[in-house]
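1. got a sequence here, can you build the structure:
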Amino acid sequence: MLIAGFPAGAWGTNCYVVAPAAGEECVIIDPGHRAAPGVEDLLAKHRLKPVAVILTHGHIDHVASVVPVCGAHGVPAWVHPEDRYMLADPEKALGQAIGAQLLGELTVGEPDDLRELSDGSVLELAGLRFSVAHAPGHTKGSVTYRTPETAEIPPVLFSGDLLFAGSVGRTDLPGGSTAELYESLARVCLPLDDSTVVLSGHGPQTTIGRERAANPYLGEAARAAGAGPQPTPRRGL
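-> Below is the predicted model of the structure:
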(Lines give C-alpha, C1' and ligand atoms only; values in the text may rest on other atoms or scores of the structure.)
Protein backbone atom coordinates (compact mmCIF):
# COMPACT_ATOMS: atom_id res chain seq x y z
CA MET A 1 0.00 0.00 0.00
CA LEU A 2 1.20 3.50 -0.84
CA ILE A 3 0.53 6.26 1.71
CA ALA A 4 1.89 9.74 1.12
CA GLY A 5 1.06 12.87 3.07
CA PHE A 6 2.01 16.42 3.92
CA PRO A 7 1.01 19.14 6.44
CA ALA A 8 -1.18 21.69 4.65
CA GLY A 9 -1.89 25.35 5.16
CA ALA A 10 -2.07 27.68 8.12
CA TRP A 11 -2.99 24.90 10.57
CA GLY A 12 -0.49 22.27 9.39
CA THR A 13 -3.22 19.69 8.89
CA ASN A 14 -2.04 16.34 7.57
CA CYS A 15 -3.52 15.46 4.18
CA TYR A 16 -3.02 11.90 2.97
CA VAL A 17 -3.20 10.12 -0.38
CA VAL A 18 -3.70 6.35 -0.14
CA ALA A 19 -3.42 3.81 -2.98
CA PRO A 20 -2.64 0.11 -3.47
CA ALA A 21 0.51 1.13 -5.35
CA ALA A 22 1.93 3.80 -7.65
CA GLY A 23 0.13 4.15 -10.95
CA GLU A 24 -3.26 3.10 -9.55
CA GLU A 25 -6.45 4.64 -8.19
CA CYS A 26 -6.29 6.45 -4.86
CA VAL A 27 -8.28 8.01 -2.03
CA ILE A 28 -7.56 11.48 -0.62
CA ILE A 29 -8.04 12.04 3.13
CA ASP A 30 -8.67 15.50 4.62
CA PRO A 31 -7.65 18.04 1.95
CA GLY A 32 -7.44 21.10 4.17
CA HIS A 33 -6.31 24.70 3.81
CA ARG A 34 -4.13 25.21 0.70
CA ALA A 35 -3.95 21.44 0.19
CA ALA A 36 -4.89 21.32 -3.50
CA PRO A 37 -1.40 22.04 -4.92
CA GLY A 38 0.19 19.45 -2.65
CA VAL A 39 -2.42 16.88 -3.62
CA GLU A 40 -1.74 17.50 -7.31
CA ASP A 41 1.99 17.13 -6.73
CA LEU A 42 1.50 13.73 -5.08
CA LEU A 43 -0.88 12.55 -7.78
CA ALA A 44 1.62 13.46 -10.48
CA LYS A 45 4.62 12.05 -8.61
CA HIS A 46 2.97 8.66 -8.05
CA ARG A 47 0.81 8.63 -11.22
CA LEU A 48 -2.41 8.27 -9.24
CA LYS A 49 -6.07 8.68 -10.19
CA PRO A 50 -8.37 9.84 -7.36
CA VAL A 51 -11.72 8.12 -6.92
CA ALA A 52 -12.91 9.74 -3.66
CA VAL A 53 -12.20 12.15 -0.83
CA ILE A 54 -12.93 10.95 2.71
CA LEU A 55 -13.11 13.32 5.69
CA THR A 56 -12.36 12.56 9.33
CA HIS A 57 -14.50 15.52 10.46
CA GLY A 58 -15.86 18.84 9.26
CA HIS A 59 -13.53 21.48 10.71
CA ILE A 60 -12.30 23.92 8.09
CA ASP A 61 -8.63 22.96 8.56
CA HIS A 62 -9.55 19.47 7.27
CA VAL A 63 -12.05 20.35 4.54
CA ALA A 64 -11.03 23.73 3.11
CA SER A 65 -9.94 22.25 -0.22
CA VAL A 66 -12.59 19.54 -0.61
CA VAL A 67 -14.60 21.51 -3.19
CA PRO A 68 -11.69 22.30 -5.56
CA VAL A 69 -10.13 18.84 -5.18
CA CYS A 70 -13.42 17.01 -5.83
CA GLY A 71 -14.28 19.39 -8.65
CA ALA A 72 -10.93 19.00 -10.38
CA HIS A 73 -11.28 15.21 -10.53
CA GLY A 74 -15.04 14.71 -10.59
CA VAL A 75 -15.06 12.55 -7.44
CA PRO A 76 -17.40 12.32 -4.42
CA ALA A 77 -16.57 13.16 -0.82
CA TRP A 78 -17.69 11.27 2.28
CA VAL A 79 -18.49 12.82 5.68
CA HIS A 80 -20.47 11.89 8.79
CA PRO A 81 -23.93 13.54 8.73
CA GLU A 82 -23.42 15.30 12.07
CA ASP A 83 -20.52 17.30 10.61
CA ARG A 84 -22.01 17.97 7.21
CA TYR A 85 -23.22 21.48 8.13
CA MET A 86 -19.65 22.56 8.82
CA LEU A 87 -18.71 22.53 5.14
CA ALA A 88 -21.14 25.33 4.37
CA ASP A 89 -20.81 27.23 7.67
CA PRO A 90 -17.29 26.82 9.09
CA GLU A 91 -17.57 29.74 11.49
CA LYS A 92 -20.64 28.20 13.15
CA ALA A 93 -18.63 25.01 13.60
CA LEU A 94 -15.87 26.92 15.38
CA GLY A 95 -18.00 29.34 17.35
CA GLN A 96 -15.64 32.12 16.28
CA ALA A 97 -14.77 34.26 13.29
CA ILE A 98 -12.12 32.86 10.97
CA GLY A 99 -11.02 36.26 9.72
CA ALA A 100 -11.78 37.97 6.44
CA GLN A 101 -8.28 37.55 5.00
CA LEU A 102 -8.18 33.81 5.62
CA LEU A 103 -11.83 33.25 4.73
CA GLY A 104 -11.11 34.79 1.33
CA GLU A 105 -8.74 31.88 0.62
CA LEU A 106 -11.34 29.22 1.41
CA THR A 107 -13.86 27.59 -0.88
CA VAL A 108 -16.80 27.21 1.48
CA GLY A 109 -19.61 24.79 0.60
CA GLU A 110 -20.31 21.23 -0.39
CA PRO A 111 -18.83 19.44 -3.40
CA ASP A 112 -21.29 18.40 -6.09
CA ASP A 113 -21.38 14.82 -4.80
CA LEU A 114 -21.31 14.62 -0.99
CA ARG A 115 -22.18 11.29 0.63
CA GLU A 116 -22.83 10.42 4.26
CA LEU A 117 -21.27 7.54 6.17
CA SER A 118 -22.07 5.86 9.48
CA ASP A 119 -20.43 3.93 12.29
CA GLY A 120 -19.41 0.45 11.28
CA SER A 121 -19.67 1.05 7.56
CA VAL A 122 -16.97 -0.16 5.20
CA LEU A 123 -15.83 1.88 2.22
CA GLU A 124 -14.35 -0.12 -0.63
CA LEU A 125 -12.55 2.44 -2.75
CA ALA A 126 -9.57 2.27 -5.13
CA GLY A 127 -9.09 -1.40 -4.36
CA LEU A 128 -8.77 -0.58 -0.65
CA ARG A 129 -10.98 -1.29 2.34
CA PHE A 130 -11.61 1.38 4.99
CA SER A 131 -13.52 0.46 8.16
CA VAL A 132 -15.34 3.48 9.60
CA ALA A 133 -15.73 4.11 13.33
CA HIS A 134 -17.78 7.03 14.63
CA ALA A 135 -15.58 8.75 17.23
CA PRO A 136 -17.27 11.85 18.68
CA GLY A 137 -15.55 14.08 21.19
CA HIS A 138 -13.57 16.51 19.07
CA THR A 139 -16.72 17.05 16.98
CA LYS A 140 -20.07 15.26 16.96
CA GLY A 141 -19.35 13.73 13.56
CA SER A 142 -15.69 12.77 13.93
CA VAL A 143 -14.77 9.39 12.44
CA THR A 144 -11.67 7.27 12.03
CA TYR A 145 -10.72 5.07 9.06
CA ARG A 146 -8.83 1.81 9.50
CA THR A 147 -7.21 -0.36 6.86
CA PRO A 148 -6.89 -4.11 7.46
CA GLU A 149 -3.66 -5.87 8.33
CA THR A 150 -1.95 -7.76 5.52
CA ALA A 151 1.05 -10.04 5.34
CA GLU A 152 3.15 -7.08 4.18
CA ILE A 153 1.92 -4.20 6.34
CA PRO A 154 0.32 -3.63 9.75
CA PRO A 155 -3.13 -2.07 10.04
CA VAL A 156 -3.29 1.72 9.71
CA LEU A 157 -5.64 4.01 11.65
CA PHE A 158 -6.35 7.45 10.20
CA SER A 159 -7.38 9.01 13.49
CA GLY A 160 -8.20 12.56 12.49
CA ASP A 161 -8.19 14.73 15.61
CA LEU A 162 -9.18 11.94 18.00
CA LEU A 163 -5.68 10.71 18.86
CA PHE A 164 -2.28 12.35 18.34
CA ALA A 165 1.23 11.29 19.23
CA GLY A 166 1.29 12.06 22.96
CA SER A 167 -2.00 13.91 23.04
CA VAL A 168 -5.65 14.09 21.95
CA GLY A 169 -7.98 16.50 20.19
CA ARG A 170 -9.39 19.58 21.88
CA THR A 171 -12.97 19.50 23.13
CA ASP A 172 -13.71 23.18 23.75
CA LEU A 173 -15.26 24.01 20.36
CA PRO A 174 -18.97 23.61 19.51
CA GLY A 175 -19.93 19.94 19.50
CA GLY A 176 -16.90 18.94 21.55
CA SER A 177 -17.24 16.72 24.62
CA THR A 178 -14.51 15.49 26.94
CA ALA A 179 -16.64 12.55 28.10
CA GLU A 180 -17.38 11.52 24.51
CA LEU A 181 -13.72 11.84 23.57
CA TYR A 182 -12.68 9.45 26.32
CA GLU A 183 -15.43 7.02 25.38
CA SER A 184 -14.26 7.13 21.76
CA LEU A 185 -10.66 6.52 22.78
CA ALA A 186 -11.71 3.50 24.81
CA ARG A 187 -14.05 2.07 22.19
CA VAL A 188 -12.11 2.84 18.99
CA CYS A 189 -8.42 2.88 19.94
CA LEU A 190 -7.86 0.62 22.93
CA PRO A 191 -9.01 -2.63 21.26
CA LEU A 192 -6.54 -2.19 18.39
CA ASP A 193 -3.34 -4.18 18.14
CA ASP A 194 -0.18 -2.44 19.36
CA SER A 195 1.27 -2.70 15.84
CA THR A 196 -1.45 -0.45 14.40
CA VAL A 197 0.12 2.61 12.80
CA VAL A 198 -1.64 5.86 13.72
CA LEU A 199 -1.70 8.64 11.13
CA SER A 200 -3.38 11.60 12.76
CA GLY A 201 -4.69 14.96 11.67
CA HIS A 202 -1.71 16.85 13.10
CA GLY A 203 1.82 15.91 14.02
CA PRO A 204 3.97 12.82 13.44
CA GLN A 205 2.90 9.23 13.01
CA THR A 206 2.87 6.88 15.97
CA THR A 207 1.54 3.45 16.93
CA ILE A 208 -1.19 2.25 19.25
CA GLY A 209 1.45 0.42 21.29
CA ARG A 210 3.49 3.58 21.77
CA GLU A 211 0.42 5.59 22.76
CA ARG A 212 -0.86 2.86 25.06
CA ALA A 213 2.44 3.00 26.92
CA ALA A 214 3.04 6.75 27.01
CA ASN A 215 -0.07 8.79 26.13
CA PRO A 216 -1.66 9.93 29.44
CA TYR A 217 -5.06 10.45 27.82
CA LEU A 218 -5.21 6.96 26.37
CA GLY A 219 -4.10 5.67 29.76
CA GLU A 220 -6.92 7.56 31.44
CA ALA A 221 -9.37 6.14 28.92
CA ALA A 222 -8.17 2.66 29.84
CA ARG A 223 -8.71 3.35 33.55
CA ALA A 224 -12.09 5.02 33.30
CA ALA A 225 -13.86 5.22 29.94
CA GLY A 226 -15.74 8.48 29.54
CA ALA A 227 -13.97 10.36 32.32
CA GLY A 228 -10.78 12.27 32.70
CA PRO A 229 -9.12 15.69 32.72
CA GLN A 230 -9.64 18.25 30.01
CA PRO A 231 -7.40 17.31 27.05
CA THR A 232 -4.60 19.70 26.16
CA PRO A 233 -5.32 21.50 22.84
CA ARG A 234 -3.02 20.66 19.97
CA ARG A 235 -2.27 22.45 16.72
CA GLY A 236 -5.12 23.04 14.31
CA LEU A 237 -8.71 23.62 15.29
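
2. give the next helix or strand downstream of the helix or strand of the chain with the lowest mean pLDDT.
-> Ranked by mean pLDDT, DSSP states H and E, the weakest helix or strand in the chain is helix 100-103, scoring a mean of 52. The C-terminal neighbour of helix 100-103 among helices and strands, as given by DSSP states H and E, is strand 114-116.

3. and the helix or strand that that next one is followed by, what other elements does it pack with?
-> Next along the chain after strand 114-116, taking DSSP H and E as the criterion, comes strand 122-125. Secondary structure elements in contact with strand 122-125, counted by 3 or more CB pairs under 8 Å, 6 or more residues apart in numbering; DSSP states H and E, are strand 49-54, strand 128-134. Glycine gets a C-beta too; all of them are placed from N, C-alpha and C.

4. tell me the most buried of those strands?
-> Ranked by mean neighbour count, the helices and strands packed on strand 122-125 are led by strand 49-54 with a mean of 21 (mean count of other CB atoms under 10 Å).

5. mind checking which helix or strand Leu173 is in?
-> Assigned by DSSP H and E, Leu173 belongs to no helix or strand.

6. contact partners for it?
-> Taking CB atoms under 8 Å, 6 or more residues apart in numbering, we find Leu173 in contact with 59, 93-95, 138-139, 237.

7. and these, which two are furthest apart?
-> Largest separation among these by CB to CB: Gly95 and His138, giving 13.7 Å.

8. looking at those two, which one has more neighbours?
-> Counted by other CB atoms under 10 Å, Gly95 and His138 do not tie: His138 has more neighbours, with 29 against 11.

9. doesn't the more buried one fall inside a helix?
-> No - secondary structure of His138 (DSSP: H, G, I helix; E, B strand; the rest coil): coil, not part of a helix.

10. check the gap between the closest residue to it other than its chain neighbours and Lys45 for me.
-> Excluding its sequence neighbours, the residue lying closest to His138 (CB to CB, 6 or more residues apart in numbering) is Gly169, at 3.6 Å. Relative to Lys45, Gly169 is positioned 30 Å away (CB to CB, to the nearest Å).

11. before we move on, what about Ser200?
-> Ser200 is 23 Å from Lys45, where distance means CB to CB.

12. those two: who's more crowded?
-> A count of neighbours by other CB under 10 Å puts Ser200 above the other of Ser200 and Lys45, at 27 against 11.

13. now do the contacts for that one.
-> Under the criterion of CB under 8 Å, 6+ apart, the neighbours of Ser200 are 14, 158-165, 206.

14. one more pass at 7 Å, please.
-> By CB atoms under 7 Å, 6 or more residues apart in numbering, the contact list for Ser200 reads 14, 159-160, 163-165.

15. cool, and Val53?
-> By CB under 7 Å, 6+ apart, the contact set of Val53 is 28, 31, 66, 69-70, 75, 77.

16. tabulate those residues in JSON lines, adding columns for distance to Pro111 and pLDDT.
-> JSON lines is the format used below for these (distance: CB to CB, whole Å; pLDDT from 0 to 100):
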{"residue": "Ile28", "distance to Pro111": "12", "pLDDT": "98"}
{"residue": "Pro31", "distance to Pro111": "10", "pLDDT": "97"}
{"residue": "Val66", "distance to Pro111": "6", "pLDDT": "96"}
{"residue": "Val69", "distance to Pro111": "8", "pLDDT": "97"}
{"residue": "Cys70", "distance to Pro111": "4", "pLDDT": "97"}
{"residue": "Val75", "distance to Pro111": "8", "pLDDT": "98"}
{"residue": "Ala77", "distance to Pro111": "5", "pLDDT": "98"}
